[in-house]
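[1] generate coordinates for the sequence data below:
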Amino acid sequence: MRLNQLTIYGFGKFHDRTFPLNAGLNVLLGPNEAGKSTLTQFISAILFGFPTKKHPELRYEPLDGSRFGGEIAFTQDGTDYLVSRVDGPRGGKVTLRNVTLDLALPATTLTHLLAPVDAQLFSNVYAINEPRLGTVFAASKQALIDRLRHVGAVGSDFWLAQAHQLDDAADELYKPQGRKPRLNQQLQEYQDLTEKLNRANASYATYWELLQTQQQQRSQQKDIQRQLAVQRQVANQYDQQLSLWSTYQQWLDLDDTAVPVVSGFQQNDATTLERLTNQVNATAATLQGDQEQLASLQDQAQLPPLFQQYLLVAGQVDPLIAQFPDVTIAAREQERLQTDQAELQRQAGDIERQYAKHGQMPRAFSLATTQRVQELTASLSLANQKRRRLQQQLNQLNEQYRQQQPTRQQRQNPLADKQVGWLAAGLIVLIGAMFLPGALFKLGGALLGVAVGYYGVFIVDSSTPASRQMQTLEEDIRDVQAQLREGGKAIDHLTQQLDDIGDAHGLGDLAPAQWNAAQDAIVMWDRLTQRLENVAEQLATVVATVTDFQAAVRRVLPAATAADFTKLARELQDLQSTQQRLRTQESDVTAVASRLKRDQNALDQAQRAVTTFLQTRNLRSTDAFYQQYQQVREQGNRTQQRAALAEQLGARNLAALQQVASHADLSQRAQSATTQVADLQQQLDAVTEQLATIAGQLDHLTASGTQAGLRQKLANLAAQMQATAQQWLVDRLVSQWIAATLAAASGDRLPQIVKTASQFYGKLTENRYTEIELTPTTLRVKRADGDWRTVGQLSRGTAEQLDFAVKLAFAVVMAQQVAMPVVIDDGFVNFDADRRRAAYQLLATISDTIQVILLTADDGVADKLPTENLIRLTD
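    Presented below is the predicted three-dimensional model:
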């Protein structure tokens with residue numbers, strides 16, 4: 001691959017910058033912060049993708065906000081390509097084009113063109129700078145072999161990763177000196193189990209004796225536990241009987257205090273006496289109420305003055321009282337109509353205040369007038385719209401006419417001056433012809449003068465394009481003005497017609513736009529006026545009805561002086577109540593007297609029933625009855641309490657307590673049972689302690705497991721160890737097979753790279769070191785005197801020369817397969833003058849084979865290194 005040109009849209013400090021490159025050695029010269037590292041990162045970013053935004057320091061987004069990205073023109077296998085990359089997802093948006101065939105290619109083609117080189121290999125080998133040269137102290141043979149495999153076998157990254165994973169998996173299974181791997185732990189566990197099994201075999205006889213003793217003790221423990229349970233039940237029974245002794249004593253006391261049952265009483269005697277007594281009290285209360293009602297009726301016999309006057313004219317008042325319900329309805333209707341009249345007057349007044357003129361309401365439009373107003377209003381609206389449009393057009397024409405008015409210099413028309421000259425020339429020729437000899441010459445001169453003058457008149461009479469445009473504008477302005485005048489007349493005519501209609505209907509003070517609302521209000525006012533007339537007629541009728549009734553009542557009853565109908569109605573209602581009361585008063589007195597007689601008889605009968613009830617039980621009063629009844633109730637309560645105590649004690653406990661002579665005897669029996677429980681518990685504790693001791697001894701003997709269990713564990717562990725060993729062997733063999741396969745794919749390039757690197761290293765060190773050798777862990781070099789030195793024993797500059805030689809040798813040897821340019825970004829910072837000169841000479845030598853791009857701040861590079869392409873970054 002050869003890079004032909006770098007074009008930067010926006011990257012770091014660069015924007016809109018182009019760098020042409022040659023096939024050989026290219027030197028880009030610039031001081032610090034001139035953009036050398038930016039260009040190195042630009043090449044890597046365009047070819048392999050922008051870093052993610054998690055690493056903004058590696059993205060080099062443009063500082064001036066220009067478009068992020070750029071393009072690189074390169075040649076590979078004789079074909080020219082152009083790749084561009086701008087900001088976008090997954091490393092940026094890539095565009096690839098085959099310039100030779102003028103063909104657009106998919107973005108994935110770029111990866112195939114660059115294969116097997118990726119961003120990591122490019123950074124480790126082909127992009128050289130001082131920090132990366134410093135990693136030589138950590139270099140190893142394996143690292144160089146991995147790079148060879150990366151290039152020699154396409155897709156080797158995946159297999160290398162698989163081999164590393166298999167090695168890691170094998171190390172997790174087994175290491176010769178490890179402790180954490182699974183197989184190491186299993187081997188240690190197998191050894192521990194073997195030792196435990198040997199100890200278990202040695203203590204087998206003791207274990208068997210303890211096991212037999214344990215079985216005997218457990219049998220004895222069960223017997224004691226059974227006896228203890230029985231004795232505890234006996235002790236609990238005695239304790240329960242002791243707790244119930246007080247209840248048992250109460251049961252005995254109730255039995256000793258029993259008294260003979262009183263004869264002659266039944267359980268419902270108290271209910272019967274209570275019913276008879278309540279009947280006497282109720283009858284007496286009813287009698288007293290009737291007596292009080294009779295006295296009240298006698299007090300109500302006095303009549304009010306209005307009723308006394310009514311009795312004199314009852315024949316005239318009764319017809320009026322018959323009319324009273326209808327008049328009451330009329331009075332209520334009067335109140336409703338007065339309310340409606342006030343509301344209608346308020347609404348009509350609101351409309352009159354808004355639209356009435358000098359107390360006169362406008363008239364409503366007829367249907368024809370309404371249609372005519374709508375037509376005139378529509379025509380007036382169209383006319384106004386046309387007038388506004390013409391006025392806007394006239395304003396535009398006036399503005400154009402003002403802009404095209406000629407200036408003072410433009411008014412001096414050179415063509416007009418020329419025309420005047422022609423007229424003057426024709427006049428001179430005409431006058432001069434008059435002085436010519438001969439009539440023929442005079443005639444010819446006159447005709448020539450006329451022709452010249454006519455030509456001048458024709459030119460004067462002709463107009464310029466500007467003047468013709470001015471005339472056209474003037475004609476348009478006059479035409480629009482004429483249309484405006486005609487439109488104004490039409491608007492005036494329409495407005496006059498509308499004004500005439502408005503004056504004829506009393507709407508002269510309102511704008512036509514308000515006529516629709518005014519017409520609705522006028523119609524509403526007419527309806528309200530009609531309703532007011534109807535309400536007034538109804539109100540006059542009901543007022544007359546109420547007034548006539550009041551006058552008629554005052555004529556026949558002067559005592560009814562209330563002017564308000566409500567008060568008069570109340571007086572008439574009182575009059576009707578008094579009349580009704582008097583009608584029923586005689587029958588009420590008779591009925592009350594009859595009830596008094598019946599109540600007195602009922603009271604006597606109830607009192608005789610109570611006396612008979614007491615005599616049949618040999619009692620004289622109710623107090624004596626309740627005294628005897630209380631004794632019967634107490635005797636029944638004792639019987640119920642004794643039965644409740646017996647139920648509380650229980651039949652079994654009651655029978656057992658009846659067999660005990662005294663409380664002391666019962667206490668002695670309970671104490672004896674408790675002592676037996678304590679003795680059995682002590683025996684049980686001793687046996688349990690012995691069992692615990694035996695169990696501890698057995699646990700100690702079987703801490704490592706029983707013989708059978710240990711043998712089973714050893715067998716299981718052996719199977720697990722065999723599976724682990726098989727898995728370790730598979731992982732290790734597969735990893736070695738992958739390594740061998742990739743090594744075969746890489747061929748014999750490693751010796752060639754080492755040989756070439758030794759040659760380059762000799763040139764860089766002026767043959768102080770003549771040979772490079774790869775060790776499994778690092779690199780070592782041979783001095784001219786035959787002494788070998790490791791990388792750690794070299795100075796930093798000499799060690800960086802070693803890494804530089806190895807990377808250049810890798811690039812040169814692999815150029816046939818991967819022709820990737822070498823980019824060196826100030827990689828010789830730690831080199832002295834001699835080392836830099838040797839490095840420049842080596843770069844000049846290999847530039848015939850591969851493309852070299854050197855970015856440096858060394859101003860003397862132009863003198864020390866001949867180059868066909870020297871670019872100064874500060875230009």
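
[2] any idea which helix or strand in this structure has the lowest mean pLDDT?
    helix 408-411 (a mean of 46; mean pLDDT, DSSP states H and E).

[3] where does the stretch 451-600 of the chain dip in pLDDT?
    For the stretch 451-600 of the chain, the stretches flagged by pLDDT under 70 are 456-467, 508, 559, 561-563, 579, 582-594, 596-597.

[4] residue ranges for the helices of it, please.
    465-504, 515-556, 565-615 (DSSP state H, counting those that start in this stretch).

[5] tell me which of those helices sits nearest to Val86.
    Closest to Val86 of those, according to CB to CB: helix 465-504, at 53.8 Å. All C-beta atoms are positioned from the backbone trio N, CA, C, and that covers glycine.

[6] ok, which stretches of the stretch 101-250 of the chain are strands?
    Remark: strands assigned in the stretch 101-250 of the chain by DSSP state E, counting those that start in this stretch are 103-105, 127-129.

[7] how about the ones you listed in CSV, adding mean pLDDT and distance to Ala844?
    Below are the strands of the stretch 101-250 of the chain laid out as CSV (pLDDT from 0 to 100; distance: least, CB to CB, whole Å):
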stretch, mean pLDDT, distance to Ala844
strand 103-105, 94, 35
strand 127-129, 87, 16
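
[8] which one of these is the most hemmed in?
    Stretch with highest mean neighbour count among these: strand 127-129 (a mean of 22; mean count of other CB atoms under 10 Å).

[9] can you list the strands that it pairs with?
    strand 822-825 (parallel) (DSSP bridges).

[10] so for the strand it pairs with, mean pLDDT?
    Averaging pLDDT along strand 822-825 gives 92.

[11] now do the helix or strand following it: which elements does it pack against?
    Once the chain leaves strand 822-825, the next helix or strand it forms, by DSSP states H and E, is helix 833-846. Counting contacts by 3 or more CB pairs under 8 Å, 6 or more residues apart in numbering; DSSP states H and E, helix 833-846 is packed against helix 749-764, helix 796-813, strand 852-856, helix 861-864.

[12] got CSV for those, with mean pLDDT and mean neighbour count too?
    Listed next are the helices and strands packed on helix 833-846 as CSV, based on pLDDT from 0 to 100; neighbours: other CB atoms under 10 Å:
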stretch, mean pLDDT, mean neighbour count
helix 749-764, 83, 20
helix 796-813, 84, 23
strand 852-856, 91, 24
helix 861-864, 75, 13
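
[13] list the buried residues in stretch 435-449.
    By neighbour count with 16 or more other CB atoms under 10 Å, stretch 435-449 contains the buried residues Gly445, Ala446, Gly449.

[14] remind me, longest strand of the chain?
    What stands out as the longest strand in the chain, according to DSSP state E, is strand 2-11.

[15] partner strands of the helix or strand just after that strand and their direction?
    Proceeding N to C from strand 2-11, the next assigned helix or strand is strand 14-20, under DSSP H and E. Partner strands and pairing direction for strand 14-20 (DSSP bridges) are strand 2-11 (antiparallel).

[16] now what about the strand it pairs with, what contacts it?
    Residues from elsewhere that reach strand 2-11 (CB atoms under 8 Å, 6 or more residues apart in numbering): 14-21, 23, 38-39, 41-43, 45, 60-62, 64-76, 80, 86, 819, 821, 851, 853.

[17] the residues you listed, buried ones only, as a PyMOL selection?
    Buried residues among the contacts of strand 2-11 (16+ other CB under 10 Å), as a PyMOL selection:
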select buried, resi 14+15+17+19+21+23+38+39+41+42+43+45+60+62+68+69+70+71+72+73+74+75+86+819+821+851+853
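
[18] quick one: the helices of the stretch 451-600 of the chain as TSV, columns for distance to Leu649 and mean neighbour count too.
    Formatted as TSV, the helices of the stretch 451-600 of the chain follow (distance: least, CB to CB, whole Å; neighbours: other CB atoms under 10 Å):
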stretch	distance to Leu649	mean neighbour count
helix 465-504	117	14
helix 515-556	93	16
helix 565-615	42	14
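
[19] could the ones you listed be laid out in JSON lines, adding distance to Thr111?
    Output for these, formatted as JSON lines (distance: least, CB to CB, whole Å):
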{"stretch": "helix 465-504", "distance to Thr111": "69"}
{"stretch": "helix 515-556", "distance to Thr111": "80"}
{"stretch": "helix 565-615", "distance to Thr111": "110"}
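
[20] wait, which of these is closest to Met814?
    helix 465-504 (80.0 Å).

[21] tilt between the closest one and helix 515-556?
    10 degrees (axes from the mean of the first three to the mean of the last three CA atoms, to 10 degrees).

[22] mind giving me the packing neighbours of helix 465-504?
    Contacts defined by 3+ CB pairs under 8 Å, 6+ apart place helix 465-504 against helix 367-403.

[23] just the buried positions in the helix it packs on, please.
    Val373, Leu376, Thr377, Ser379, Leu380, Ala383, Lys386, Arg387, Leu390, Gln393, Leu394, Leu397.

[24] one step back: nearest to Asn278, of the helices of the stretch 451-600 of the chain?
    Among the helices of the stretch 451-600 of the chain, helix 565-615 sits nearest to Asn278 (CB to CB), with 9.3 Å.

[25] about what we covered before: output the helices and strands packed on helix 833-846 as TSV; include the columns distance to Leu430.
    Output for those, formatted as TSV (distance: least, CB to CB, whole Å):
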stretch	distance to Leu430
helix 749-764	109
helix 796-813	103
strand 852-856	93
helix 861-864	90
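
[26] element containing Ser44, please.
    Here Ser44 is assigned to helix 36-48, by DSSP H and E.

[27] isn't Arg554 right next to Asp548, touching?
    No: contact criterion CB atoms under 8 Å: Arg554 and Asp548 do not qualify, at 11.1 Å.

[28] looking at the helices of the stretch 451-600 of the chain, which is nearest to Leu794?
    Comparing the helices of the stretch 451-600 of the chain under CB to CB, the one sitting nearest is helix 465-504, at 93.1 Å.

[29] centre of the chain versus that closest one, how much separation?
    Computed by CA atoms, centre = their mean, to the nearest Å, the chain-centroid distance of helix 465-504 equals 65 Å.

[30] now stretch 628-639
    81 Å.

[31] follow-up on the earlier one: in the helix or strand just after the helix holding Ser44, what's buried?
    Moving toward the C-terminus from helix 36-48, the next helix or strand (DSSP H and E) is helix 56-59. Applying a neighbour-count criterion of 16+ other CB under 10 Å, one finds Arg59 buried in helix 56-59.

[32] can you list the residues that contact helix 56-59?
    Helix 56-59 is contacted by residues Gln41, Ala45, Phe50, Pro51, Lys53 when judged by CB under 8 Å, 6+ apart.

[33] same check, this time on stretch 371-378
    By CB under 8 Å, 6+ apart, the list of residues contacting stretch 371-378 reads Phe365, Leu494, Gln497, Leu498, Ile501, Pro512, Trp515.

[34] helices along the stretch 101-250 of the chain, start to end?
    Under DSSP H, counting those that start in this stretch, the stretch 101-250 of the chain gives helices at 108-114, 119-121, 130-133, 141-152, 156-173, 182-202, 204-243, 245-256.

[35] for those helices, which one sits closest to Val317?
    So among the helices of the stretch 101-250 of the chain, helix 245-256 is nearest, using CB to CB, at 86.0 Å.

[36] in terms of secondary structure, what does that closest one contact?
    So helix 245-256, by 3+ CB pairs under 8 Å, 6+ apart, packs with helix 622-649, helix 651-658.

[37] quick one, what contacts Ser44?
    Taking CB under 8 Å, 6+ apart, one finds Ala119, Phe122, Ser123, Ala127 in contact with Ser44.

[38] same thing with Ala670?
    Counting by CB under 8 Å, 6+ apart, Ala670 has contacts Ala235, Tyr238, Asp239, Gln241, Leu242.
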